[in-house]
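K.L.:
Fold the stuff below for me.
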Amino acid sequence: MNNMRLIDKYLPGYTFYEYHDIVINAPMETVYNAARNFDLSKSKFIKILFKLRGLPTTRLKLQEFITDIGFTNIEENFPTENLIGFWARYKIAPIASPDDFVNNRLPARVKVVWNFYLTPLSPTQTKLSTETRVLCLTLMSKITFGLYWLIIKPFSSATRKKMLEIIKKDASDPLL
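P.N.:
The predicted structure follows:
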């Protein structure tokens, strides 16, 4: 059995990254299902940040939001990992297939992957992590994205932490 994480399969090398995790008192499958399509609108902070960045704020369930901003669900490994990504040359472009992404079949300047990864700590406790990796494929994209990352990373970090808190609350009380 291959234990390689999807994020390592699709983007083993990267220029920038961010990682956060949280422990949730719920079984792994429950946490996975909560993470798969949680509602970002449960955080006023996230809604405000999205408005400031000009991101859509009307459909904020994860799967709708991913579609609205042009991201792609690249691959899932239930109940361990869900991988989302995009690539861009001048703007975000759809990923036609996972193979295209791995083999650089678009002359992209930036490739980005974002995952939710689950580790069972016990039958009723799960560690949920989220990692974002960015690979800049040209020197100019490395410079421009580096400047962007310097400004956006604190807000991205706060957003990811809020996402994990929403998922924790949803998984701990699935009737919400």
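K.L.:
what sits up against the host helix or strand of Asn73?
P.N.:
Assessed by DSSP states H and E, Asn73 sits inside strand 72-77. Residues from elsewhere that reach strand 72-77, judged by Cβ atoms under 8 Å, 6 or more residues apart in numbering: 6, 9-10, 63, 66, 82-86, 94-95, 98, 101, 113. The C-beta positions use only the backbone N, C-alpha and C, and glycine is treated the same way.
K.L.:
go with 7 Å
P.N.:
For strand 72-77, the surrounding residues in contact (Cβ atoms under 7 Å, 6 or more residues apart in numbering) are 6, 10, 66, 82-86, 94-95, 98, 101, 113.
K.L.:
what lines up beside it in the sheet?
P.N.:
With DSSP bridges as the criterion, the sheet partners recorded for strand 72-77 are strand 81-88 (antiparallel).
K.L.:
Give me the mean pLDDT for the partner strand.
P.N.:
Averaging pLDDT along strand 81-88 yields 95.
K.L.:
Let's see it as CSV, backbone CA atoms only.
P.N.:
Output in CSV follows, covering the C-alpha atoms of strand 81-88 (Å, rounded to 0.1, in the frame of the first residue of the first chain):
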residue,chain,number,x,y,z
GLU,A,81,-6.9,13.6,2.5
ASN,A,82,-8.6,16.0,0.2
LEU,A,83,-6.5,18.0,-2.2
ILE,A,84,-7.5,21.2,-3.9
GLY,A,85,-5.4,23.2,-6.3
PHE,A,86,-5.1,25.6,-9.1
TRP,A,87,-2.5,26.9,-11.5
ALA,A,88,-2.1,30.3,-13.1
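K.L.:
Would you give the sheet partners of the helix or strand that it is followed by, along with the direction of each?
P.N.:
Proceeding N to C from strand 81-88, the next assigned helix or strand is strand 92-93, under DSSP H and E. Neighbouring strands of strand 92-93 in its sheet, by DSSP bridges, are strand 81-88 (antiparallel).
K.L.:
So which bits of the strand it pairs with are buried?
P.N.:
By neighbour count on 16 or more other Cβ atoms under 10 Å, the buried set for strand 81-88 is Glu81, Asn82, Leu83, Ile84, Gly85, Phe86, Trp87, Ala88.
K.L.:
for the chain, which residue is closest to the average position?
P.N.:
By Cα atoms, centre = their mean, the mean C-alpha position of the chain lies nearest to Trp114, the distance being 3.1 Å.
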